[in-house]
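1. Sequence first, predicted model second:
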Amino acid sequence: MMCRIFSLRGGLLAALAGMVGVWGFAGCSWGEPRNAATGPTNADTYPADIVAPYHGPVVHGVDTQTLTGKVMCGYQGWFGAPGDGRPDHNWQHWTKNWGGNFTDGNVKVDLWPDVSELGDSERFATAFQLPDGRPAEVFSSYEKATVLRHFQWMHDYGLDGVFVQRFANGLKNPSSLRHCNTVLASCREGANRYGRTYAVMYDLSGLPGGRIADVMDDWRMLRRDMTITADPAYLHHRGKPVVAVWGIGFSDHRDYTLAECRRLVEFLKQDGCTVMIGVPAHWRELRDDALDNPELLKIAAAADIISPWTVGRYGDPAGAERYAEQQLKPDLAWCRQRGIDYLPVVFPGFSWHNMKGGPLNQIPRLHGKFLQTQFAQAWQAGATMAYVAMFDEVDEGTAIFKCANAVPEGERSQFLTYEGLPSDFYLKLVGAATRQFHGETNAAAWLTLRNR
């Protein structure tokens, strides 16, 4: 069975001098044929500990009872590789075409992960070679050991935790659901083992109209079968478990309606949740990437936390500063007047050259200055929390986990580097900003980290 999940995150950029329009995109493909040389797997059924309550080790670290003072990351967890234990036996999210191999011209990612710390069973060779002639390897999010390693990095660098993405369009697809459940269970274990926190984020992108009940049914399953909100590491805020719904009110011709979105928000609130909604950058003004529909403002007023999507809405530090003045500060004031929390989104850069053919390094990282500026603007505006897009998204070049500087060279596929910075630079930067939001350091400690 095949399933393809699209997440068209946003609209055509306007008022960014000298820039081409950027559409935030996230895709998920299933059903690519497997290389027979990898041999058989035995993962056609769930392991017993996947859709079940967690009974493993628990380490108490970050305060899981509040979002205030936290910097959270988005965790896609959508990568797969032949031989990783999935019955699909394919390259998932690494390649553009269904049934395609991981070869020059068919690559979907712009950053190359640093897999030097991963064990032998966690690394999967591709058709590419590194500059020194070794096979270029990647990872699979289906491998629990790799997800646990990511949470160990979060612990080691002082990151609070993640919103685990859950793709609504695949909730009725067995292959997609198996992958999402496996990754969620691994994140749950990682958060408990390393004293981090996590919450579920439903991405509605690609969901057909009339299918909002799929999300409700899935949430009931997570609470019933995994007892997810009773888990010690699950994020709570205002005394209730947090659940996020991303993709409300975008003007990119989605099939589901605002009425359906409102019904979902009301359902989750009635179920005793603190509800966060992911909305367009111009949600409050009902323009550009947002629907021109007052119903969006009614949904926003009913939410507990509002998080506008900013990836691609500005492209340099000056643009980030303008956005903070023109959008972030008025947004924050609107939310405060209504007793709603505000979670600004920051991102390190953007590039989807291999996936969509846009310019390589379309929004440059500038050795960390771009991300640092956004953190500084959010903090100085009075934000008490922040969301980093994303921890692991190499597709659009927004990842902050360890990525390589020694990358393959292809004739048709090109890859970014971390500009010669250490592979853990962005983990350090986000960790330093997190300490600032915790109130542990003064601003200079992380405002100047990029220069060290």
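-> Yes, it's here. Residues are numbered from 1 along each chain as shown.
2. What segments of the stretch 51-200 of the chain are strands?
-> 71-75, 124-129, 135-138, 161-167, 197-203 (DSSP state E, counting those that start in this stretch).
3. Mind giving me the packing neighbours of the fourth one?
-> In this case it means strand 161-167. strand 71-75, helix 174-193, strand 197-203 (3 or more CB pairs under 8 Å, 6 or more residues apart in numbering; DSSP states H and E). Heads up, the C-betas are built off the backbone N, CA and C, glycines and all.
4. quick one, the shortest one and strand 161-167 angle?
-> So that's strand 71-75. Inter-element angle recorded for strand 71-75 and strand 161-167: 30 degrees (by axes from the mean of the first three to the mean of the last three CA atoms, to 10 degrees).
5. helices or strands up against strand 71-75?
-> By 3+ CB pairs under 8 Å, 6+ apart, strand 71-75 packs against strand 161-167, strand 197-203, strand 386-388, helix 425-438.
6. at 10 Å instead, please
-> Counting by 3 or more CB pairs under 10 Å, 6 or more residues apart in numbering; DSSP states H and E, the packing neighbours recorded for strand 71-75 are helix 144-157, strand 161-167, helix 174-193, strand 197-203, strand 240-246, strand 386-388, helix 425-438.
7. And the longest one, how far out from the chain middle?
-> Right, the one you point to is helix 174-193. The chain centroid and the centroid of helix 174-193 are separated by 14 Å under CA atoms, centre = their mean, to the nearest Å.
8. So, low pLDDT: which residues of the stretch 351-452 of the chain?
-> Judged by pLDDT under 70, the stretch 351-452 of the chain has its weakly predicted residues at 441-452.
9. Could you list the low-confidence segments of the stretch 51-200 of the chain?
-> 98-99.
10. Of all residues in the protein, which one is nearest the centre?
-> residue 74 (3.0 Å; CA atoms, centre = their mean).
11. I'd like the distance between that residue and residue 339.
-> Distance from residue 74 to residue 339, counting by CB to CB, to the nearest Å: 25 Å.
12. distance between the ends of stretch 80-94?
-> 8 Å (CA to CA, to the nearest Å).
13. could you redo the strands of the stretch 51-200 of the chain as JSON lines and give each row distance to residue 104?
-> Putting the strands of the stretch 51-200 of the chain into JSON lines (distance: least, CB to CB, whole Å) gives the following:
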{"stretch": "strand 71-75", "distance to residue 104": "29"}
{"stretch": "strand 124-129", "distance to residue 104": "7"}
{"stretch": "strand 135-138", "distance to residue 104": "11"}
{"stretch": "strand 161-167", "distance to residue 104": "28"}
{"stretch": "strand 197-203", "distance to residue 104": "30"}
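14. Need the helices and strands packed on strand 161-167 in JSON lines (columns: distance to residue 310).
-> Output for these, formatted as JSON lines (distance: least, CB to CB, whole Å):
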{"stretch": "strand 71-75", "distance to residue 310": "12"}
{"stretch": "helix 174-193", "distance to residue 310": "24"}
{"stretch": "strand 197-203", "distance to residue 310": "16"}
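15. For the helices and strands packed on strand 71-75, give me a markdown table that also has mean neighbour count and distance to residue 108.
-> Shown next, in a markdown table, are the helices and strands packed on strand 71-75 (neighbours: other CB atoms under 10 Å; distance: least, CB to CB, whole Å):
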| stretch | mean neighbour count | distance to residue 108 |
| --- | --- | --- |
| helix 144-157 | 21 | 19 |
| strand 161-167 | 27 | 16 |
| helix 174-193 | 23 | 16 |
| strand 197-203 | 26 | 17 |
| strand 240-246 | 24 | 21 |
| strand 386-388 | 27 | 21 |
| helix 425-438 | 22 | 21 |
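16. which one of the ones you listed lies closest to residue 314?
-> Residue 314 sits nearest to strand 386-388 of all those, at 15.8 Å, using CB to CB.
17. Give the pairing partners of that closest one; include direction for each.
-> strand 71-75 (parallel), strand 345-346 (parallel) (DSSP bridges).
18. Can you tell me which of those is most buried?
-> Most buried of the strands paired with strand 386-388 by mean neighbour count (mean count of other CB atoms under 10 Å) is strand 71-75; its value is a mean of 26.
19. could you check the angle helix 144-157 makes with that one?
-> Going by the same axes, to 10 degrees, strand 71-75 makes 160 degrees with helix 144-157.
20. Now do the helix or strand harbouring residue 332: everything it contacts.
-> Using DSSP states H and E, residue 332 sits in helix 329-337. Residues outside helix 329-337 that contact it (CB atoms under 10 Å, 6 or more residues apart in numbering): 279, 281-285, 297, 300-301, 303, 305-306, 308, 323-324, 340-344, 377-378, 380-384.
21. before we move on, the earlier item: save the helices and strands packed on strand 71-75 as a markdown table, and put in distance to residue 265 too.
-> Listed next are the helices and strands packed on strand 71-75 as a markdown table, based on distance: least, CB to CB, whole Å:
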| stretch | distance to residue 265 |
| --- | --- |
| helix 144-157 | 29 |
| strand 161-167 | 16 |
| helix 174-193 | 21 |
| strand 197-203 | 11 |
| strand 240-246 | 7 |
| strand 386-388 | 18 |
| helix 425-438 | 26 |
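22. about what we covered before: relative to residue 431, which of the strands of the stretch 51-200 of the chain is closest?
-> For those, the distance to residue 431 is smallest for strand 71-75, at 8.6 Å, taking CB to CB.
23. Just give me how far the closest one sits from the chain centre.
-> With CA atoms, centre = their mean, you get 7 Å for strand 71-75.
24. Surely residue 134 touches residue 115?
-> No: in this structure, residue 134 is not within contact of residue 115 by CB atoms under 10 Å, at 11.1 Å.
25. So the two - more neighbours on which side?
-> Taking other CB atoms under 10 Å, residue 134 and residue 115 do not tie; residue 115 has more neighbours (19 against 10).
26. how close does residue 119 sit to residue 401?
-> Distance from residue 119 to residue 401, by CB to CB: 17 Å.
27. Do you have the helices of this structure handy? List them.
-> 144-157, 174-193, 212-225, 258-270, 295-302, 317-323, 329-337, 353-356, 369-381, 425-438, 443-447 (DSSP state H).
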